[in-house]
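> here's a sequence, model it:
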Amino acid sequence: MRIPLHPCYILHQRSYRETSLLLDVFSRDHGRVGLIAKGAKRKRAVPQGILQPYRRLLISWTGKGELFTLTGIESESSSLMPLSGQVMAGFYLNELILRLLHRHEAHAELFDAYEESLVRLGKGFSEQPVLRIFEKRLLQSLGYGLVLDHDVQSGQPIDGNQEYYYQFDLGPLSLKPITPDHLKLSGRTLQALRDEYLEDTDSLREARHLMRSILHRHLGEKPLASRELYQAYLKNRIRP
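Residues are numbered from 1 along each chain as shown. Here you go, the predicted structure:
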């Protein structure tokens, strides 16, 4: 199988043997793909500095099975590197994709959402709304989209002035469920997530708790490395 040049981002890379690299790539047309970049550590084997995260690339490969061989790479744009204080947010986006997407399943709409998130982080947008919107779109792309527009018991539209109980495998309920797998939050937060307009502190806090609880069910018990690094970063930043 030969795949021609098309848009991709490098999510992660690591050494492979003496002169090569293993690349985890997010491709718009083919989803998450593993590539061997043969001889990439040698000078002039690939264009200098091109194998960076957050840079939109055109990549081609060949092969079969789970791991393919990189055959071509070009830079399609300058780096969309998040600002220095938001690099951890970019790392978090990459880790979510690596952990939750199966290989070789195309998610073009998620690719676009990922790129939009990088652009916003690079322009200095507040990272919390950017992350919550991406998480919402990620779950939708995976087939686990949230119910944010109506009460699943009554069918009535969400009332911004009412409190709801979001049952993780069902959606928002106006009456408290018997099972413990739910989270209480306001209708205003559900509406903000639905409209992808998260501005006030309370809605951001509740949306964060909701998304973290739901993602935990899909990620399992293994902690996210990006979350641990971010906590360490915050501790170091507040030291006198």
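
> residues contacting Leu148?
Applying CB atoms under 8 Å, 6 or more residues apart in numbering, we find Leu148 in contact with 158, 172, 190-191, 193-194. The way it works is simple: take the backbone N, C-alpha and C, and place the C-beta from them, glycine included.

> go on, Leu100?
Counting by CB under 8 Å, 6+ apart, Leu100 touches 138, 142, 218-219.

> write the ChimeraX selection for whichever of the residues you listed are buried.
Provided next is the ChimeraX selection string for whichever of these are buried by 16 or more other CB atoms under 10 Å:
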select :138
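
> please flag which of the contacts of Leu100 sit within helices.
Under the assignment DSSP state H, those contribute 138, 218-219 to helices.

> pLDDT and distance to Phe125 added to those, as CSV?
CSV is the format used below for the ones in helices among the contacts of Leu100 (pLDDT from 0 to 100; distance: CB to CB, whole Å):
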residue, pLDDT, distance to Phe125
Leu138, 97, 18
His218, 92, 26
Leu219, 91, 25
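
> now, which of these sits nearest Ser226?
Using CB to CB, Leu219 comes nearest to Ser226 of the ones in helices among the contacts of Leu100, at 11.6 Å.

> looking at it, that closest one is touching Glu95, isn't it?
No: counting by CB atoms under 8 Å, Leu219 stays clear of Glu95, with 9.5 Å between them.

> distance of Ala106 relative to Ser141?
Distance, Ala106 to Ser141, using CB to CB, to the nearest Å: 10 Å.

> more neighbours, those two?
Shown here are Ala106 and Ser141; by other CB atoms under 10 Å, Ser141 has more neighbours (18 against 14).

> what's the burial count for Glu127?
19.

> quick one: contacts for it?
82, 86, 89, 121.

> got the domain boundaries for this structure?
The chain breaks down into these domains under automatic domain parsing: 2-141, 146-226.

> among these, which is the most enclosed?
Most buried of the domains of the chain by mean neighbour count (mean count of other CB atoms under 10 Å) is domain 2-141; its value is a mean of 17.

> how far does it stretch from start to finish?
Across domain 2-141, the terminal residues are separated by 26 Å (CA to CA, to the nearest Å).

> now for the longest strand along the chain, which elements pack on it?
Ranked by residue count, the top strand of the chain under DSSP state E comes out as strand 2-16. Contacts defined by 3 or more CB pairs under 8 Å, 6 or more residues apart in numbering; DSSP states H and E place strand 2-16 against strand 20-27, strand 31-37, strand 55-62, strand 67-79, helix 87-100, helix 108-122.

> lowest average pLDDT across the domains of the chain?
Mean pLDDT is lowest for domain 2-141 among the domains of the chain, at a mean of 91.

> give the contact list for the spatially most central residue of the chain.
Nearest to the geometric centre of the chain sits Leu93, at 3.4 Å (CA atoms, centre = their mean). Going by CB under 8 Å, 6+ apart, Leu93 touches 114, 117-118, 131, 134.

> reformat the ones in helices among the contacts of Leu100 as a markdown table; add distance to Gln162.
Listed next are the ones in helices among the contacts of Leu100 as a markdown table, based on distance: CB to CB, whole Å:
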| residue | distance to Gln162 |
| --- | --- |
| Leu138 | 27 |
| His218 | 28 |
| Leu219 | 30 |
